[in-house]
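S.K.: here are the coordinates; sequence isn't available:
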C-alpha cells in the first residue's frame with residue numbers, strides 16, 4: 001500500500017513539474033522522495049533503493065521547512081525531523097497517527113483541518129497560504145504553507161501532502177515597512193503628535209514582543225523630560241516617569257538626554273544610574289531599560305525613546321535597528337510638528353514682538369465680546385500709534401527701532417491682565433483690548449493712562465536713553481460699536497483725532513468724529529469724481545516787476561468748480577488731496593493745464609511771460625517727476641524757460657540730497673525753480689546756496705503786518721538782502737497796500753504779487769488784463 005502511495009506521489013510530482021516548476025512543487029517532490037525512503041525501510045532487500053533513500057531522508061531532515069503527509073482524517077503519515085520536533089515530540093513514531101487536534105489548541109487545529117478538507121474535496125492544491133504558526137517558540141511566527149492532494153494508483157485522493165516555511169522575518173519586515181509608511185503618512189497629514197507617538201510605540205511593541213515603550217519630550221528649559229506617549233504602561237508608571245530630571249545620573253532616560261547618546265541598562269536593580277530611581281520602577285516589574293535620544297537634524301536632543309523589559313538583558317542587533325528607526329521617525333514627527341507650530345504662530349503672531357496679529361485678534365475677539373454681552377460690563381478697545389517713531393528709525397536705524405518696539409510691547413503686556421489682549425497691527429500701531437471692565441469711564445481712562453505712562457518710560461538703547469509717547473483712540477463695547485470692525489474703525493478715528501490734537505494724548509470716540517469722518521469720505525469721493533469729470537479750473541494771479549511796472553509772470557492757482565457747492569478754494573480740498581494721494585493726478589492736471597494755457601496765449605500773440613506752478617511734496621517724491629514734467633512740456637509745446645516750479649522749504653528739507661538731485665534734473669530740462677513761502681521753513685544757509693533756484697518768494701505772513709510790525713520789516717529786509725547776496729531775485733507775496741510796496745522798493749525787492757496789483761483771475765479775465773497791459777506799453 002505504501003509503495004502504491006509512493007508511485008502515486010511520483011506521478012503527482014511529474015504532473016506538477018509539467019504544470020508549474022515553482023519552489024512549492026519542488027518541495028512536494030521532496031515529500032515524495034521522503035515516502036520513497038519509507039519504502040526502502042520496508043524493503044531492505046533492495047540495497048540500491050535503500051541507499052538512495054538514505055540520502056534523500058538525510059537531505060529532507062536538513063531542510064528547515066515542515067514537510068509532512070496526512071491521510072483523509074488528518075492523521076500524520078510521515079514528516080521530517082523539524083516537523084516532529086516543533087510539535088513537541090522526539091520521534092516520527094510518536095507523531096504518526098496523531099492529528100493536529102491531538103497536538104494543538106482546537107481553534108488552530110480546526111483552521112488547518114478546514115484547508116485540508118478543501119484540498120481533499122476539491123482536488124485542487126492550496127499554494128502560498130500565509131498563516132500564523134501554531135508553535136510560537138516565544139515569538140509571533142508566520143508560515144507560508146502549500147498543500148496538494150495525495151492520490152493512490154487509481155487516482156483516488158487518500159490524503160494531503162504539505163510543506164510550510166517560516167516567513168516570520170519577512171512578515172516582520174513587511175510590518176515594519178507598512179508601519180513606517182503609515183507613520184510617515186501620519187506625519188504628512190499632520191496628525192496630532194500624541195497620536196503619532198502611540199502608533200509608533202505600538203509598532204515597536206508589535207515587532208519586539210515582551211517589550212514596552214515610552215517617548216519622553218525635553219522641556220523648553222531642558223531640565224526635565226515630559227511624557228509624550230506610553231500606551232502600554234499603566235497609570236502609575238506613567239506618573240512615575242513624568243517630569244524625569246535630566247542629569248548625569250538620572251536613570252536611563254535622564255542620562256541619555258544629558259549625554260546625548262544611547263544608555264543601555266541591562267538591570268535597573270543593580271546599575272548605578274538607577275540608584276535614585278529604582279524605587280519608582282521596581283513595583284512595575286521592569287528589569288532592563290534601554291533609552292535612546294531623539295535628535296533633530298541639527299543633532300539637538302528633542303527627547304528620548306525608552307524600551308522596558310521584564311527580563312535582564314540588552315537589545316539584539318535587530319532590536320537596535322528597530323530602535324534607531326523609531327527614534328528617527330520620532331525626530332521627524334517632532335520637527336514637523338514644531339515647524340507647523342512655528343508657521344501657525346507666524347501666521348497669527350507678530351514675529352518681532354511675539355504679540356498676536358490682527359488676523360488672530362479679529363478671529364478671537366468676537367467670542368470675547370459675545371461672552372460679556374449679557375453681563376453689565378464693557379470691553380474697551382484702544383488703538384494706539386507711537387509718536388514720531390519714524391525719527392528713531394531714520395536716526396538710529398531699524399535695529400534700534402525694532403528693539404524699541406519689543407520693549408514697548410513687553411511693557412504693554414505687563415500693564416494688562418491675562419484676560420486682556422495686546423496686538424501689534426503693523427509698524428508702530430498696536431491694539432489693546434481690556435476685556436470685561438467696569439462700566440466706569442474714570443476707571444477705564446485711569447487704566448489706559450497707566451498704560452500710556454508705562455510706554456513713555458525711558459528705554460536704554462545702544463547706550464542712549466529714549467522716550468516715546470503714543471496717541472491713543474478708544475472705543476467701548478457696546479456703546480461705540482457692536483462688532484469688531486465697528487470698534488476698530490471708531491477707535492482708529494479717535495486715534496487720528498488724538499494726533500490732530502498734537503499727539504501724546506488720548507481721545508475717546510464720539511459721534512461727532514464719525515460724522516466728520518463720513519463727511520471726509522464724501523469729500524474724498526467727490527474729489528475723485530472731480531478729477532474724472534475735470535471740474536477743476538485755473539485762476540492766474542499776476543506778478544509785477546517793481547522796476548518796470550509790467551506783468552512778467554503769473555502764478556497758476558487751482559479752483560474746484562463744484563456742480564453743487566460752487567467754486568471751492570484749494571485750502572478746503574488740497575490737504576485732503578495730499579492725505580489721500582490724489583494730489584498727484586491733480587498736480588499733473590494743473591501743470592498740463594497751465595502749460596497749455598500759456599502756450600495758447602503765446603500763440604495768440606500776447607507778450608511772453610512765465611507761468612509759476614506749485615509742486616506738492618507727494619509729487620516731488622515721485623521718482624520720475626522730472627520725466628513727467630518734460631513729457632508735459634513736450635505734449636503742450638511750451639518752451640521749458642517759460643515754466644517755473646515753486647517748491648516749499650519744508651518739502652526740500654525732508655530729504656536735502658534727494659531734493660537737490662531732483663532740482664538738478666529739472667534744471668537740466670530748462671525749467672526755472674523758486675522757493676515758495678521762504679522764511680517759514682528750516683533751510684540753512686549752507687543748504688540754500690546748494691539749491692539751483694532762481695527766485696525766493698517771501699511768505700505773506702511777513703508782509704501782511706508791514707509797516708506796523710518792525711520785526712516783520714526786519715525779517716523781510718534780511719531775506720531780501722540775503723537773496724541779493726546769493727544772486728537770487730525776490731518776490732514778495734500778499735502785497736496789499738501802497739505802504740508795503742514802498743517798503744519793499746526801499747529794501748530792493750524785485751517783484752510783488754498780491755491784491756495790491758490784482759486778485760487771482762480766471763483765464764479770460766487774465767488774458768484781457770494782459771492785452772490792456774500790452775496796449776499801454778505800446779502807447780508808451
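M.R.: Looks like it came in fine. Bear in mind the structure is a predicted one, so any value in this text is a computation, not a measurement. Numbers count the residues shown, from 1 in each chain.

S.K.: hang on, isn't residue 224 packed against residue 250?
M.R.: No: here residue 224 does not reach residue 250: they are 9.9 Å apart, not a contact under C-beta atoms under 8 Å. Where C-beta positions appear, they are placed from N, C-alpha and C, glycine not excepted.

S.K.: now do the longest strand anywhere in the chain, average pLDDT.
M.R.: Longest strand of the chain, by residue count under DSSP state E: strand 551-562. In this model, strand 551-562 has a mean pLDDT of 93.

S.K.: pull the number of nearby residues for residue 514.
M.R.: Other residues near residue 514 number 17, with proximity taken as other C-beta atoms under 10 Å.

S.K.: what distance do you get for it to residue 632?
M.R.: Using C-beta to C-beta, to the nearest Å, one gets 41 Å for the distance from residue 514 to residue 632.

S.K.: pLDDT below threshold where in the chain?
M.R.: Scanning the chain for pLDDT under 70 picks out 1-55, 136-140, 679-687, 775-780.

S.K.: which helix runs longest in it?
M.R.: In the chain, assigned by DSSP state H, the helix with the most residues is helix 317-348.

S.K.: okay, buried residues for that one please.
M.R.: By 16 or more other C-beta atoms under 10 Å, the buried positions in helix 317-348 come out as 319, 322-323, 325-327, 329-337.

S.K.: what's the first helix or strand after that helix?
M.R.: From helix 317-348 onward toward the C-terminus, using DSSP states H and E, the following helix or strand is helix 358-372.

S.K.: in its sheet, what does the following helix or strand past that following helix sit against?
M.R.: Per DSSP H and E, the first helix or strand lying C-terminal to helix 358-372 is strand 378-386. In the sheet, strand 378-386 lines up against strand 429-437 (antiparallel), strand 470-477 (antiparallel) (DSSP bridges).

S.K.: got the buried residues for the very next helix or strand once past strand 378-386?
M.R.: Scanning forward in sequence from strand 378-386 by DSSP H and E, the next helix or strand is helix 389-396. Neighbour counts over helix 389-396 (16+ other C-beta under 10 Å) mark 389, 392-393, 396 as buried.

S.K.: show me what whichever helix or strand comes after helix 389-396 is packed up against.
M.R.: Note on helix 389-396: by DSSP H and E, the next helix or strand toward the C-terminus is helix 398-415. For helix 398-415, the packing partners by 3 or more C-beta pairs under 8 Å, 6 or more residues apart in numbering; DSSP states H and E come out as helix 389-396, strand 421-426, strand 429-437, helix 441-455, strand 459-461.

S.K.: for residue 274, find the nearest of those.
M.R.: Nearest to residue 274, of all the helices and strands packed on helix 398-415, is strand 421-426, at 47.6 Å by C-beta to C-beta.

S.K.: in stretch 441-451, what's buried?
M.R.: Counting neighbours by 16+ other C-beta under 10 Å, one finds that the buried residues in stretch 441-451 are 444, 447-448, 451.

S.K.: residues making contact with it?
M.R.: For stretch 441-451, the surrounding residues in contact (C-beta atoms under 8 Å, 6 or more residues apart in numbering) are 378, 380, 382, 412, 415-416, 432, 434, 437-438, 472, 474, 476, 506, 508.

S.K.: biggest separation within these, which pair?
M.R.: Spatial extent of the contacts of stretch 441-451 (C-beta to C-beta) is set by the pair 412 and 438 at 20.7 Å.

S.K.: quick one, which of those two is more surrounded?
M.R.: residue 412 (24 against 11).

S.K.: closest to residue 67 among the buried residues of stretch 441-451?
M.R.: For these, the minimum distance to residue 67 (C-beta to C-beta) is 87.4 Å, reached by residue 451.

S.K.: helices or strands next to the longest strand of the chain in the packing?
M.R.: helix 511-533, strand 536-545, strand 566-568, helix 570-580, helix 583-603, strand 610-614, strand 751-753, helix 763-779.

S.K.: run the last query once more with 7 Å
M.R.: strand 536-545, strand 566-568, helix 583-603, strand 610-614, helix 763-779 (3 or more C-beta pairs under 7 Å, 6 or more residues apart in numbering; DSSP states H and E).

S.K.: residues of the shortest one that come out buried?
M.R.: The neighbour-count criterion (16+ other C-beta under 10 Å) identifies residue 568 as the buried residues of strand 566-568.

S.K.: for it, enumerate the helices and strands it packs against.
M.R.: Other helices and strands packing on strand 566-568, by 3+ C-beta pairs under 7 Å, 6+ apart, are strand 551-562.

S.K.: go on, the third one?
M.R.: With contacts defined as 3+ C-beta pairs under 7 Å, 6+ apart, the secondary structure elements packing on helix 583-603 are strand 536-545, strand 551-562, helix 570-580, strand 610-614, helix 617-620, helix 625-636, helix 763-779.

S.K.: what's the spacing between residue 69 and residue 347?
M.R.: According to C-beta to C-beta, residue 69 stands 70 Å off from residue 347.
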